[in-house]
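> starting from these lines, generate the structure:
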Amino acid sequence: SSGINAEYGQGPFHALEGSRKLLSLLESVCRMEVGTYVPLELNYFDSDKLEMLIKQHQYKEGGLSLVNVVTLHKALQTELNMVANNNIPIAQKNEINEEIKSILNNTVERNAIRRKISLKRKGFDAWRQVVEVMIVGCSNELVPSRQTLLVELTQAILARSRDGQPLSGLLSSASGCVVLLIQQLRYTSQIPNTDIVLEGADPLPPGLLQTMTRNLVEAIIQCGGNMQQARAHLYAALLHCLKMSSSNDTNDIKLSGAIAQGYHIVDSDSLAVLCSYGDIFIESLCKDASKGHGVTKILAFSLLSIILGADTYQNWLKHLNSKGYLKHFIESINTDNQNLLVGLSSDNIKPLFIYEAKLAFLAQIAQTEAGATTLLEAGIVPRLSELTILHQLPISSELYKQHLLVQPVFTLLTSLLTSLGSRHVVANQQASHLVCVHSELISSIVKSGSGEERTKHDYQDLCVVTSLLAWLRAHQHDLDEEDVAVSIQLQSTGTQLQRHLISLLHSLQLPGKCTTADTDLEVQTIKLQIITNIVSYCVSAMGTSNVIHAVFSPELGTKKGNNLNLLIGMLQKALEASSQHSDAYSQLIHKAMHVNQLSTEEQRELASCVAPDADKCSAVQRAKYAELRLEQLAETKDRQLALYTQLIENLIYLLWRHVQYYTVYCKDPTEGIGGEPLPKKLLSANNDYIKNLTRELPLHLTDPLLKKVVDFCSNKTSSSMTSSFTSALVRRVRKLMTA
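Numbering: from 1, shown residues only. Next up, the predicted model:
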């Protein structure tokens, strides 16, 4: 390191010369001969017992395990003396003495090899520390051609780490260095700790990523199963490499309330490299995902997730299914349940991360119809129903663990139902049974705390739960009529959950003023999604066109209770908030198109949300970061406007159905709807409520309010808005009020 400092410490680090210097130092480390241990051929001593005896005489010297030759000699001599008492021939005794000398000489050689390996490891670690400080601690001005340097060093280490190469015995240290180098190489074209690609970044040479992928896969295959640390490092390096070759996409699950999740689509060339190794690499990954140590197992599941997400022909899925790995992963959820019960009681969170990685992998499979069908046939939903750990609600200080337990289950179930479609009766039945089994957990999530006391994780759990309930309520009529037990149980559970869900409409408030803070924006969007989910649930709860079940009572004069006044109040707040968000969306688009007109301070504030070190960037790069931040904010506002549109449409629909129910069908209560009589409870209060509703409704649903509804839903400010029938619903409401 002193040579490098002397040559380059006073100015920029030249990549070509610096690379040669670093590679020269690495070569000097590789040239250090360590020798090869040659096992002895023994005639009188048992090999296994001798190894056990040698281990008994080991001692530590500076962290290095060596054998005490003196004490080993005494022990072997004692063995010889015990045998000599049996009057063995002198010739045989001499042969035993010669074998003891060979053992001692071999032990001395073994100690020498271990010292040389330790010296070589220290030399490589010193070289690695120099490289790490240089690439992490030095700015781009000091290392202008950072990408070239990283590529050459990575390739050099990978080439020298193969079987028979100088660094093959130091694979754990070498693989750790490879992870850092590839991570830094990835961040030469992406913003650190994100998947955002930098515009104008130097592209990697064609085929380089495929070459690096091939080298990493070969290193993984050659690395033995007992070298778990090295395998974990190589898996992490391969993940970075695949993400560099991928295009970031957003998989918006087409289910009300599902939180959009970004995942990576590996390019076809990199996928072809992985597939070129046939079953060897797949088997290696699956075995580590099944029997590997904690971190190795988590990274193996992550790799399987990203690869299966890119495998459009489902070849990997077919292999996992035919070899029984997928069935094993699903059946092992019961084992995960036991490990979680033991681990969480002793503050061991490793089983929790393994459980999360496994369910995320299964959720990735469930995002295609073929994958969801395979999971359903393998019995994934019954296994999720048997998770008893979900019923053991942790204490308040461990609520985040509850979030990590709950979120993966309902996210997986959401992906499964979405991929299979609304008409898959078996999936709907099993999902409904799961809701009944975990009804206490779901109720606790819905009821826990007031709006002010909830954390972001609470809102995320509530969002995915309300999304699932809205989906099942909308397709409850698809269940087989023969399954009476499930139907009755689901109806009983649904009645309780419906009461809790509607009560949330009182405690949850629609997002107020616009904000640009990441946490506030995310919470606002999630809360809006939750409210939209609950209102969608209420739409489904009203039933079909033939049989209507009133969800809200006809009172208009009181703010308490589940009545039409609640719907009208929500409609007014939604229109007001959506108008503010629409203006904010337009302003963000304008700013993004004219980012150079923003002040330096405003650019710096926006850029800091994307890159923490934005203050050190050039003016051009800072403007790009600011533009990227504005586009992110505009995209979030666009999604919020789409949710507001859906919410307003559903509110108008609910108002129309209820007004029609009370003002049309209730006038002839003996006939009811579809030939069914109206409830006695409604008949007793029928006349007064309907008279008040007919008289007061025009005072609440005024023409200006209804005009705002039509204007907002017809305004195409949001790119994701679709044409709606809101205008037709408004005309029907007006007709009912004037009838």
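
> I'd guessed L404 sits against L352; true?
Yes - between L404 and L352 there is a contact under CB atoms under 8 Å: 5.6 Å. Using the backbone N, CA and C atoms, a C-beta is placed for each residue, glycine as well.

> of those two, who's got more company?
L352 (19 against 16; other CB atoms under 10 Å).

> pLDDT wise, what is the more buried one at?
L352 is assigned 90 on the pLDDT scale.

> and A156, by the same measure?
If you check A156, the pLDDT there is 87.

> count the residues that sit near it.
18.

> same check, this time on P408
P408, neighbours per other CB under 10 Å, totals 21.

> can I assume it sits in a helix?
Yes - when DSSP: H, G, I helix; E, B strand; the rest coil is applied, P408 is found to be in a helix.

> what secondary structure does the spatially closest residue to it that is not a sequence neighbour sit in?
Distances taken as CB to CB, 6 or more residues apart in numbering place L359 nearest to P408, at 3.6 Å, with adjacent residues excluded. On the three-state scheme (three-state DSSP), L359 is labelled helix.

> I'd say L359 and L412 touch.
Yes - L359 lies in contact with L412 (CB under 8 Å); the separation is 5.3 Å.

> return the set of buried residues in stretch 364-371.
Q364, I365, A366, Q367, T368, G371 (16 or more other CB atoms under 10 Å).

> tell me how far the nearest residue to the fifth one once chain neighbours are set aside lies from Q364.
Spatial nearest neighbour of T368, excluding adjacent residues (CB to CB, 6+ apart): S419 at 6.1 Å. Between S419 and Q364 the computed distance is 11 Å (CB to CB, to the nearest Å).

> with G225 instead?
With CB to CB as the criterion, G225 and Q364 are 25 Å apart.

> ok so Y661 is a strand residue?
No - secondary structure of Y661 (three-state DSSP): helix, not part of a strand.

> what's around it, how many residues?
Y661 has 20 nearby residues by other CB under 10 Å.

> if I read this right, it contacts A550, doesn't it?
Yes - Y661 is within contact range of A550, at 5.6 Å (criterion: CB under 8 Å).

> which residues in the stretch 201-350 of the chain form strands?
Applying DSSP state E, counting those that start in this stretch to the stretch 201-350 of the chain gives strands spanning 246-251, 261-266.

> thinking again about what came up before, give me the common contacts of L359 and L412.
Common neighbours of L359 and L412 (criterion: CB atoms under 8 Å, 6 or more residues apart in numbering): none identified.

> what residue is smack in the middle of this structure?
Centroid-nearest residue in the chain, with CA atoms, centre = their mean: A360, separated by 6.1 Å.

> residues contacting it?
Contacts of A360 (CB under 8 Å, 6+ apart): F301, S302, S305, P408.

> also S161?
Per CB under 8 Å, 6+ apart, neighbours of S161: L167, S168, L170, L171, A174, S175, V178, A219.

> for those residues, which one is nearest E576?
Comparing those against E576 with CB to CB places V178 closest, at 55.5 Å.

> wait, doesn't that closest one sit right on A237?
Yes - with contact defined as CB under 8 Å, V178 and A237 form a contacting pair (5.0 Å).

> any shared contact partners between these two?
By CB under 8 Å, 6+ apart, the residues touching both V178 and A237 are L216.
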